[in-house]
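[1] what follows is a predicted protein model with its sequence.
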Amino acid sequence: MKKLYSALMTAFNEDGSVNLDGVREMVRYNIDVNHIDGLYVGGSTGESFMLSTEEKKNIFKVAYEETAGKAHLIAQVGSLNLNEAKELAKYVTDLGYPMISAVTPFYYNFSFEQIKNYYNSILEGVDNKLIIYSIPALTGVALSLDQFAELFENPKIVGIKYTNADFYLLERVRNRFPDKLILSGFDEMLLPALALDVDGAIGSTFNLNAPRVKEEIAAFEAGDIKKARELQTLSNDYITDLLNNDLYPTIKLVFEKLGVHAGYCKEPMSKPTPEMEAGAQKIYEKYFKK
Ligand SMILES: CC(=O)N[C@@H]([C@@H](O)[C@H](O)[C@H](O)CO)[C@@H](O)CC(=O)C(=O)O
């Protein structure tokens, strides 16, 4: 069975400080209501690239404690500050995280040699497995098939969080590395990714929509492609509505309507406007109100 991971959000207070109780509530919702297979902690959805090392550690700790072994955990530790990435990799490994992930280093147009050194040094002295977080649309770093192969020469690098609409490359990677863990990262393109035999998916929108997506995966696995496609269409209507209303703040607004204290996003992400509030209410009524 393919695995579904929610990309854990971070709850912020209005002043931008982290609300750890809100983080706990979102972990609980994912476990108790979504029956999620796993959580991806510290990724884009967690707004992590805007957090201090201390804030990241607190979130990793709270997510680990609250999960209490009821879901698989992956900690995204990648950072432009390699020392921080290494410190976090050790920290989460000592806490008990069974897998880590690191975004490709971005902004400075690093060479492939530099990217390779970055991954190898994060893993040096850390007894853990890592999946590469590849998200070219946000990082500008598009690794090639041969570059993935070179990174996989490190036996601790076991897979990819593949947030990329390049399905030709995905097919080539799957074909060449049948035993690597590939988790798809674009929720709106889950069905084509399933057809190319990914092992599961990680996404922001699953925080609210996981039950429907699990049904889609079950239909796909049962060979009922028509049903899987209908469910993907329904999910894509919901994702389109979220994207048109500002993704992360809207997921948090809908969480609040479900009684989960997801709080605010951190600036420069937007604070909810009355229009966003109204849009979130419509999304709640259309897709989630019982
Ligand atoms: C940039 C971003 O948020 N990407 C999401 C997707 O779940 C995305 O939000 C979704 O497909 C809507 O476009 C994930 O790929 C990233 C992610 O899960 C994470 O790192 O937290």
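    Sure, I can see it.
[2] what about stretch 42-59, near the ligand?
    Yes - counting by C-beta under 6 Å from any ligand atom, the ligand has neighbours in stretch 42-59: 43-46. In short, each C-beta sits where N, CA and C put it, glycine included.
[3] now those: which count as buried?
    Neighbour-count burial (16 or more other C-beta atoms under 10 Å) is assigned, among the residues of stretch 42-59 next to the ligand, to 43-46.
[4] now the two most distant members of these.
    The most widely separated members of those, counting by C-beta to C-beta, are S44 and G46 (7.2 Å).
[5] can I take it that G16 is in a strand?
    No - counting by DSSP: H, G, I helix; E, B strand; the rest coil, G16 is not found in a strand; it is coil.
[6] how about the residue nearest to it when sequence neighbours are not counted, what does it touch?
    Spatial nearest neighbour of G16, excluding adjacent residues (C-beta to C-beta, 6 or more residues apart in numbering): K266 at 5.0 Å. For K266, the contacting residues are 10, 12, 16, 47, 50-51, by C-beta atoms under 8 Å, 6 or more residues apart in numbering.
[7] swap the cut-off to 7 Å and go again
    By C-beta atoms under 7 Å, 6 or more residues apart in numbering, the contact list for K266 reads 12, 16, 47, 50.
[8] I'd like to know which of the residues you listed is nearest to the ligand.
    Proximity of the contacts of K266 to the ligand, judged by C-beta to the nearest ligand atom, is greatest for E47, which lies at 8.9 Å.
[9] so what's that closest one up against?
    E47 makes contact with 10, 265-266, 269, according to C-beta under 7 Å, 6+ apart.
[10] can we see that at 8 Å?
    Contact analysis of E47 by C-beta under 8 Å, 6+ apart lists 9-10, 12, 248, 265-266, 269.
[11] SS state for the closest residue to the ligand within the chain?
    Ranked by C-beta to the nearest ligand atom, the top residue of the chain for proximity to the ligand is G43, at 2.5 Å. Following three-state DSSP, we place G43 in the coil state.
[12] could you pull up the residues touching the nearest residue to it once chain neighbours are set aside?
    Of all residues not flanking G43 in the chain, Q76 sits nearest, at 4.3 Å (C-beta to C-beta, 6+ apart). By C-beta under 8 Å, 6+ apart, the residues touching Q76 are 40-43, 46, 48, 100-103, 133.
[13] circling back to that earlier point, so which of the contacts of E47 belong to helices?
    Members of those lying in helices (criterion: DSSP state H): Y248.
[14] who wins for most neighbours among the contacts of E47?
    The most crowded member of the contacts of E47, judged by other C-beta atoms under 10 Å, is T10 (29 neighbours).
[15] from S17, how far out is that one?
    To S17, T10 is 11 Å away according to C-beta to C-beta, to the nearest Å.
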